[in-house]
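Undergrad: okay, sequence plus prediction incoming.
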Amino acid sequence: MMKLRGLWILVLSLAVRQLAAQLFTYYMPGYLKGVYLDVKNLRDKYGIIVGVAGPDSVVFGGAITCVLWR
């Protein structure tokens, strides 16, 4: 069974990941449209970017949570 400390680390890292996803979803489409004016099917490429950035944000969120928790 997971210790209570481990549960809080998991919950806080998921919160950091959710915040990153919300900010990314809000700001990135406008930025990408401004940078890549001539690219078609930008939504498909945006999905790949989100798929790569999601796991990275989980790892960094967990690391930040572990550092702040100590």
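TA: Yep, that arrived. Note that this is a predicted model, so its numbers are computed, not measured.
Undergrad: what helices and strands are in contact with the strand or helix carrying Leu7?
TA: Assessed by DSSP states H and E, Leu7 sits inside helix 4-35. Counting contacts by 3 or more Cβ pairs under 8 Å, 6 or more residues apart in numbering; DSSP states H and E, helix 4-35 packs against helix 42-69. C-beta coordinates here come from the backbone N, C-alpha and C atoms, glycine included.
Undergrad: next, the angle from the helix it packs on to helix 4-35.
TA: 150 degrees (axes from the mean of the first three to the mean of the last three Cα atoms, to 10 degrees).
Undergrad: next, the buried residues of helix 42-69.
TA: Neighbour counts over helix 42-69 (16 or more other Cβ atoms under 10 Å) mark 46, 57-58, 61-62, 65 as buried.
Undergrad: and these, which is closest to Leu4?
TA: Nearest to Leu4 among the buried residues of helix 42-69: Thr65, at 14.3 Å, using Cβ to Cβ.
Undergrad: find me the pLDDT at the closest one, would you?
TA: We have a pLDDT of 74 for Thr65.
Undergrad: do Gly62 as well
TA: 75.
Undergrad: list the contacts of it.
TA: Neighbouring residues of Gly62 by Cβ atoms under 8 Å, 6 or more residues apart in numbering: 9-10, 13.
Undergrad: what ranges of the chain fall below the confidence cut-off?
TA: 1-3, 5 (pLDDT under 70).
Undergrad: could you pull up the residues touching Phe24?
TA: 50, 53.
Undergrad: next, the buried residues of the helix holding Leu7.
TA: 9, 12-13, 16-17, 20, 24, 32.
Undergrad: so which of those residues would you say is closest to Gly51?
TA: Checking the buried residues of helix 4-35 against Gly51 by Cβ to Cβ gives Phe24 as the nearest, at 11.5 Å.
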